[in-house]
Each structure stands twice: as C-alpha cells, then as structure tokens.
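K.L.:
Quick one, structure for this:
(chains A and B)
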There are 2 protein chains.
Amino acid sequence: MAVLTPQQEDFPRWYQDVLTKAKLAENGPARGTMVIRPNGYAIWERMQAEVDGRIKAAGAQNAYFPLLIPMNFFEREAEHVEGFSPELAVVTHGGGKELTEPLAIRPTSEAVIGEYMAKWVDSYRDLPLLLNQWANVVRWELRPRIFLRTTEFLWQEGHTAHASQADARQYARRILHDVYLEFMRSVLAMPVIVGRKTAKERFAGAEDTMTCEGVMRDGKALQMATSHELGQRFSRAFNISYSSAEGTTELCWTTSWGASTRMLGGLIMCHGDDFGLVLPPALAPVQVVVVVVKDTDGGVTRAAAALVELLRARGVRVSLDDNVAQAFGWRATEWDLQGVPIRVELGPRDLAENAALLYRRDTRDKNKVGIDDVVDEVQRLTGRIQTDMFEAATARRDATVSDCATLEQARGVAQTGVARVPWELVRTVGEQDLASSGLTVRCLQLSDGSLPETDDDAGALAYVARAY
Amino acid sequence: MAVLTPQQEDFPRWYQDVLTKAKLAENGPARGTMVIRPNGYAIWERMQAEVDGRIKAAGAQNAYFPLLIPMNFFEREAEHVEGFSPELAVVTHGGGKELTEPLAIRPTSEAVIGEYMAKWVDSYRDLPLLLNQWANVVRWELRPRIFLRTTEFLWQEGHTAHASQADARQYARRILHDVYLEFMRSVLAMPVIVGRKTAKERFAGAEDTMTCEGVMRDGKALQMATSHELGQRFSRAFNISYSSAEGTTELCWTTSWGASTRMLGGLIMCHGDDFGLVLPPALAPVQVVVVVVKDTDGGVTRAAAALVELLRARGVRVSLDDNVAQAFGWRATEWDLQGVPIRVELGPRDLAENAALLYRRDTRDKNKVGIDDVVDEVQRLTGRIQTDMFEAATARRDATVSDCATLEQARGVAQTGVARVPWELVRTVGEQDLASSGLTVRCLQLSDGSLPETDDDAGALAYVARAY
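P.N.:
Residues are numbered from 1 along each chain as shown, chains lettered A, B, ... in the order given. Here you go, the predicted model:
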C-alpha cells in the first residue's frame, strides 16, 4: 500500500501522487496547461451533468460565445480590465498575418456576452435573460497546479440580465444555493462554507461576490464556485438597457456565476485518503465494481456477470472486473485508488456459501451478505455512504474551524486550519496584514450563517485561512 | 409567411434568414467567429448526446487536451504543418510578456495527443488506445459562413492508436459507419454519401480520409464528418511505439475522426423549407408543442397541460404554449420557424368536440384526432415523420445525383447538382480542371457503394459537386 505518499507526511505530494497514480490528469506541454485523462474526465462529465441539470432547472439556457475577444471589449469596464489584464493570453497573428487588433483569449466572458445582451434585450418582456455556457477559459498562471490553478481550465459561466437589482440579487443567490450549494452537498458530499467575499477578494467588476468555500483535509480552503452581482457596471459599459412597461429606458442589472474543473481538486482533497480517491456514490462514474476474486471453471465469472446485470437493471452504474489473470490484491489496490464507492467481491468459496463480500471504500469496512441480498444491500449502502461521507466531511470541517477573539489568535489558527474571527477585528488593514503571512479572508458570514448585505455589516464573521 | 426569403429565390439568403429569424446563431465580434444562441445550442446538445453515446459504445473514452500547442509540435509532421500553417491563430503574449515560444491555438489535436499517446502506450496490452474529446478549435477562415466555415467551431475529435494497420483501418471504418453514418441516418434523417477522399482533398497528414457527404436542397454538397487513417506518420513523428508480445519495438498505427457544429448547417440546408427549420423527431430538443389556440375560462389550458403531462410521462420532449395573449397565427409561424416536428393544437371548439388537431411540420398536414388518442397518435407520428423525412431527403438526393459519361458532362451537371463520373475520366488533372470551375471531387466510391482501398482503384466513381 505504499502506492501514495501518506497525507500526514506531505499533503501536496500525496495530491500529486493521486493525480498520477489514479491517472486523473497531468501537465500539458505549454506551461500551466493540463491534460485531463479519461479517469479524471469521467468525473468531470458527471459533475457537468449534475450541475447542468440544476442550471436548467433554475431557468437558464445554454449558449456558446466566441473564445477570441477583441481587446477593446475588455477595456470598457475599468475594474474588469484592471483585474484581468495581467492574466490575458493574446493572439497577435492569424492566418499567417499580424492582426490589426489583437484578440484576447477569454479569461471569462462578461465582456463579449454583455455586447450580445445589449443586442438581444429590447423591452422588459425580454427579461430576465438567463444564459449559461460550458467553455474553456485561459488565465495566465504564475504558480500553476493541476485542477486548482491552471492556465486553461474548463468551467460553466452563467450570465444573466434583470430588470431590477432585487431580481438580480435574488437570482445570484438562487444559483449559489439551489445550484452550487445543493450540488456540493447532495452530490459531492461536501459541506462548504457559504459567504460574501471581501472587497479585496471580489471578482474584478463585481459589486458583490458570493462564494462556496471547501475545507480540505490539510486545513486549507478552496474556493469551489462563485456567484456575482455585477450591479449596473457591465450594463453601463455595454449599454444593456430595456424599455420599461412605462416606456422609460432603464439599465439592466446583471449577474455572473461559475464553477470549474477546480472542483475536481476540491473533491480529491476533501475526501481522499492514503489509499487514493474516495468518490461519493451520487457522483461516481462507476458506483459499484463486481470483482471476480478468482475463478477456475467460469462459474464465479458467470455469477458476477449476473449480479452486474441485476444492478444495472436497477440503474446502478456498475462495472465487472473479471481480470483474474491479475492478482486480486493488485486489482483491489487499483479500485481503492480510483475511489469506487462499493466493491462486491466474489470468489469460489463465497459462491459455494452463496454469499459475497461487500466492501465500502469510505470506511474500508467489509461485510458478508447472501448473494440474493447483494442488490438490495448495494442500494442501501449507496445512500448510506453518501450520507456518511457528508457527515464525516462535516465533522472534519468543524474540527478545523476555530473561533478566535483576536487577529493574532486568528493568524495562529489559520496556519493549519480555519479561523473564524469578527470582521471588525480584521477590516481592510488586518486583511493586508494577514496577506503578508499568506493568509486570506475566505468569506464573511453573519452569525446565523446568512450572507452580509454590505462590505461592513456589523457582526459579520470572517473566515481566515490559507487557500489553494 | 413572408418571414424568410424563399429558397428558390436566393438560397444563401434563405439560410441566413433562418439563422437570424429562428435565433440560431449570429456573427461574433472577431472576424469569422460565431455566437450560438440557445435555440441553436439546444440542437447541438442533442447532437452531442447522440454522437457521444455512439462513440462510447465504440469503446472510446473522453479526455481533454490543451487548447494551446507549442509551435514546434506542429512542425514534426511535414504534411500536417504544411496543411495547417496558413490557418493558425498564434498566441505571442501571455501574462503581460512576450512568450519565448509562440503557442498555436489548436486547429486539430493530432500533434498534442500524439505526444501523450507516446507517453501512455508502452506494451501491446495498452492497445488499442481509444480517445475522444469535445472541444473548440480555431482555423483562420477567409470566407467564413456561420456553422459551415467559422474561425472557431465546436467538434469532437477522436484519436486512436493500434497495434496493426488492419486494426486501425477497421476502427476508422467502424467510426465512419457505426457512429457517423448511423447517427446521420437514424437521428438526422440524412442520407449521406459515404466515400474516400481523393489525395487532393485528404486531411493534412492522413493516408486515407473517409467522408460522409450531405446533399443540400440547393444541390451543393457538405462534408458532414470524416474519419482518417493516419498510417504511421504521427507515430513516427511523436514516437508512439509499443513493445510487442514477441518483445520487439513497433510503431503504432493511428486514426483520427471528427464531426462538428457544421452538422447544424447541414441539417438546416438538408431539411429546411420556406417556413423555416424542419427537425427530425429523433433530434429535436422539443418534439411536440401543445398549443392553446385560445382560451376563455382556463379549461383549454388545463386540458393542454394535462396532455403535456401525459406525453412527458411517455418520454416525449414536449412544451406547452399557453401564451394566448399572442395571436395564434404568430405563434404557429414561430413554431414552424423552429422546426418543431409535431404541433397539437387545442381550442375551445376542439375541446367541445373532445378532439385536437395534430400538425406535422415536415408535410404541414393537419389531422383531427380524438383527445384520448392524442398521445398514441403522437407516438406513431414521431416514428413516421422520422422515416418520411429520411425517405424524402433520399428522394431529393437521388434526384440531384446524375451519372455522367464525360468530364464535360459532369462539369455541367455539377453546376446545380451532383455528378457521378468514372474516376478514370477525372484523375488528378481533371480534378485541377474542375477546381478552376469551383467544383470538387467530394469522394470516391466503388459501384457497389463500398470504399476504394487505394487512390486509384479501378472502377471507382467520383462524386463531383459544388460544396460548402
């Protein structure tokens, strides 16, 4: 089992080992880019399907906007260009010629989508306009790390236009809660901390950025998804206006929101252990693998294949491992590494006893069950593992978060965990100070867990941590 | 109904009108790019789902490779770089600095994937390696046209490595037939012509390019998908080798194959009519719309909503149009434009008679049916429309193709249709000659419809046409 560097020994090394050994992803040839291998991409496809369904349920429609954006589009919103300029990749030549105007590869699409919203929105009847796209974006990264910070990454970015600030605010929060938080809770089994970003950490061009922050097993935080109120900044820059029912011309209120392949990194570091990935059943591309331990006359393989068919008929995502030419131990290690939630192990002796072993990846417990009970037991276990993983992750998160009464104390706690400290003790000056120790305010939350309405709500609590 | 320019009057104008009026797509801000609007993207998502399922059934796994490829990767395969150099978009600046080596935006991914295949393939046990990715690519286009030729387009590109030429050939043909041809036939209802490309028309770097050529309503051809045998060219350039069972080191044989958003253009121009899009039911994002013609007391709307629920329960993709504030005629025109295959129209008088009108978009026929028969009748009609659309498109294609005995005759026929002429009358010289009249050899086929094995098979027939 010395396949991976133990987490306690060297967490970043463990992470890199998982990526490599589970064949999830590796570095691309151009600096900061990544290759997502089939094992990693299959998980991303499941994330996409689950997030996409929730986005559509929230009324947004998918569309696709160009990768290449004229530089002047960026320059129209001052904070946006200031925030993204240092990260742009720029195309200066096309078709063998130098371009008259350079094109930026989109780092995000507010600018280009703003241009089209302005064309498509005419009257209040066209609102809200609710768009989403699945796309790749490029942001030049100085310290790239696979899934967490890569020059190119995959994501969805939602962009909406509304008639009123209240409507825009409500929708940005709906996405945060009904899409991201709900997905992370019920599919990823991750108890993220939801809050408002400080002015310093806000998306460039936003008036309010709300975030879902995951807590990793090493105590660091990871921003998993964000939802932004953009106010009327992009509407003003791109003239996204509508004629109201009263006949007046009004500027729209816009939002944007995104979640990316970074979630793969969060998933790995929230649930993974020294044996590899641990996937929650609701997400896992393969929920159950039926493993033929060994076989002499084909009887075990036939029984295993029959179980696979029964499970598939119940809608379980199931694989058969009948590769008896490989030692069982080697294969078990491999399935552990891949994080498959449930293993059904079947050998000649089990078959003779009309039984099978059920192994759950999260706790690594094994249980013998009658072969006729396997299907029902697998289905029960699927639900139980999902709940248990969420509870275990919640317990780990809660053990990581400590309330602090001073900035000094918070600085100490945040070296290895998450400090919760009154925002009035931090403020902008304290935030600069924390930054010099490599710490950031991940988000602000009111004491009842709700989101502050302004940058300086009385009683707001700051979550301070190291972050990926 | 003067919504669209009639096809007979000006086909290119009709095409542009459909794109605009049905809100499918429009030009992007950078030359040659496009914005795919929700109505267009919903069709693309259905295409993706159907093609993706078939690719997975053929054993390939999805992965993702970087957008940005170092220029030197391209230069390793001579024909490949020669073919694609004039079309490259080049990133010269990143993160505010000039790059030491410029990066190309992928026009296709053989080069970067070849590099990783070489790392991942070790022994014959790793073969075949069957990969696919869904991605955007960029090729600088001088005469862009939405969906047909755009600087950026969306596609899937499959890339496989095999131990033998026979295996590679078989797989490239399997993709052509079991994925592309089957999808186009049974989902798009398009009777494409399958053949081998001439040396002149081959993919840059391929030894054999096989194609599915669609015939549009104006008699022009459109390449809908291609599958390439790459021989050992990329294996040699990237050193994709394996150790055989006998312990020798051998070069792999590779293939690649792709289908893109161009299929949207083919779909529109193969089936569309003067009233707009005509979507085959197997593809349509909305197969049936239940339209409340008018309503006074809410009774019709309730009955329509009940029909929607019944249809949805049968797995039909169905929408309700209860927007009675808009005139029925306006809405009917709109649903025609969108190409929704079946309309169930329900008004107060129909309800009083316990009946509804069933309208099929392909023939524009209407039929009154008892309200209790609507669900069964819709399901029957769904299958019938799919079959009828394929047959109608086949009849149109067959009427377009004419056998020609001379190159001169072929040149005449191909002005407005497709000429089938013995390849021995054309050859490389004739092909150059045709090109000067704007005509191309779309593909070569043997008289039994099968694919020639070489560039000069005796008895091969050339399909000559104008092409998009």
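
K.L.:
A:Ala306 should be in a strand, yeah?
P.N.:
No: secondary structure of A:Ala306 (DSSP: H, G, I helix; E, B strand; the rest coil): helix, not part of a strand.

K.L.:
Let me know the pLDDT of it.
P.N.:
A:Ala306 carries a pLDDT score of 98 in this model.

K.L.:
ok, it to chain B distance?
P.N.:
According to CB to the nearest CB, to the nearest Å, A:Ala306 and chain B sit 22 Å apart. Using the backbone N, CA and C atoms, a C-beta is placed for each residue, glycine as well.

K.L.:
got it, and A:Phe390?
P.N.:
28 Å.

K.L.:
hang on, that residue packs against A:Met184?
P.N.:
No: taking CB atoms under 8 Å as the definition, A:Phe390 is not a contact partner of A:Met184, at 9.7 Å.

K.L.:
Common neighbours of these two, please.
P.N.:
Shared contacts of A:Phe390 and A:Met184, defined by CB atoms under 8 Å, 6 or more residues apart in numbering or on different chains, comprise A:Met190.

K.L.:
Compare those two (neighbour count), which wins?
P.N.:
Taking other CB atoms under 10 Å in any protein chain shown, A:Phe390 and A:Met184 do not tie; A:Met184 has more neighbours (25 against 20).

K.L.:
What sits closest to the more buried one if chain neighbours are left out?
P.N.:
Once flanking residues are discounted, A:Met184 sits nearest to A:Met190: 4.6 Å by CB to CB, 6 or more residues apart in numbering or on different chains.

K.L.:
give me every residue that touches that neighbour.
P.N.:
A:Met190 touches A:Met184, A:Gly214, A:Met224, A:Gly266, A:Leu267, A:Cys270, A:His271, A:Phe390, A:Ala393, counting by CB under 8 Å, 6+ apart.

K.L.:
Using ChimeraX, define a selection of the buried residues within the residues you listed.
P.N.:
Restricted to buried positions by 16 or more other CB atoms under 10 Å in any protein chain shown, the ChimeraX selection for the contacts of A:Met190 reads:
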select /A:184,214,224,266,267,270,271,390,393
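
K.L.:
Rebuild the contacts of A:Met190 as JSON lines, extending it with secondary structure.
P.N.:
Below are those laid out as JSON lines (three-state DSSP):
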{"residue": "A:Met184", "secondary structure": "helix"}
{"residue": "A:Gly214", "secondary structure": "strand"}
{"residue": "A:Met224", "secondary structure": "strand"}
{"residue": "A:Gly266", "secondary structure": "helix"}
{"residue": "A:Leu267", "secondary structure": "helix"}
{"residue": "A:Cys270", "secondary structure": "helix"}
{"residue": "A:His271", "secondary structure": "helix"}
{"residue": "A:Phe390", "secondary structure": "helix"}
{"residue": "A:Ala393", "secondary structure": "helix"}
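
K.L.:
And the residue located most distally from the centre of chain A, its phi and psi?
P.N.:
Largest separation from the mean C-alpha position in chain A: A:Asp297, at 46.0 Å (CA atoms, centre = their mean). When read as degrees, to the nearest 10, the backbone of A:Asp297 gives phi -120, psi 10.

K.L.:
so what are the domain limits for chain A?
P.N.:
A:11-271, A:288-385, A:401-465 (the TED database).

K.L.:
and among those domains, the most buried is which?
P.N.:
The highest average neighbour count among these, using mean count of other CB atoms under 10 Å in any protein chain shown, belongs to domain A:11-271 at a mean of 21.

K.L.:
A:Thr211: what's it in contact with?
P.N.:
The neighbours of A:Thr211, taking CB under 8 Å, 6+ apart as the test, are A:Val194, A:Gly195, A:Arg196, A:Lys197, A:Gln223, A:Met224, A:Ala225, A:Thr226, A:Ser227, A:Arg442, A:Cys443.

K.L.:
A:Thr454 is in contact with A:Leu444, correct?
P.N.:
No: using CB under 8 Å, A:Leu444 makes no contact with A:Thr454, being 9.8 Å away.

K.L.:
Looking at the stretch 101-250 of chain A, what residue ends up closest to chain B?
P.N.:
A:Trp140 (3.3 Å; CB to the nearest CB).

K.L.:
pretty sure that residue is in a strand, no?
P.N.:
No: looking at A:Trp140 with three-state DSSP, it is coil, so not inside a strand.

K.L.:
What sits closest to it if chain neighbours are left out?
P.N.:
Spatial nearest neighbour of A:Trp140, excluding adjacent residues (CB to CB, 6+ apart): B:Gly95 at 3.3 Å.

K.L.:
Now do the helices in the stretch 301-450 of chain A.
P.N.:
Applying DSSP state H, counting those that start in this stretch to the stretch 301-450 of chain A gives helices spanning A:328-338, A:348-352, A:374-400, A:407-413, A:427-436.

K.L.:
Are there helices or strands packed against the first one, and which ones?
P.N.:
Identification of packing neighbours for helix A:328-338 by 3 or more CB pairs under 8 Å, 6 or more residues apart in numbering or on different chains; DSSP states H and E yields strand A:288-292, strand A:342-346.

K.L.:
now do the second one
P.N.:
With contacts taken as 3+ CB pairs under 8 Å, 6+ apart, helix A:348-352 sits against helix A:299-313.
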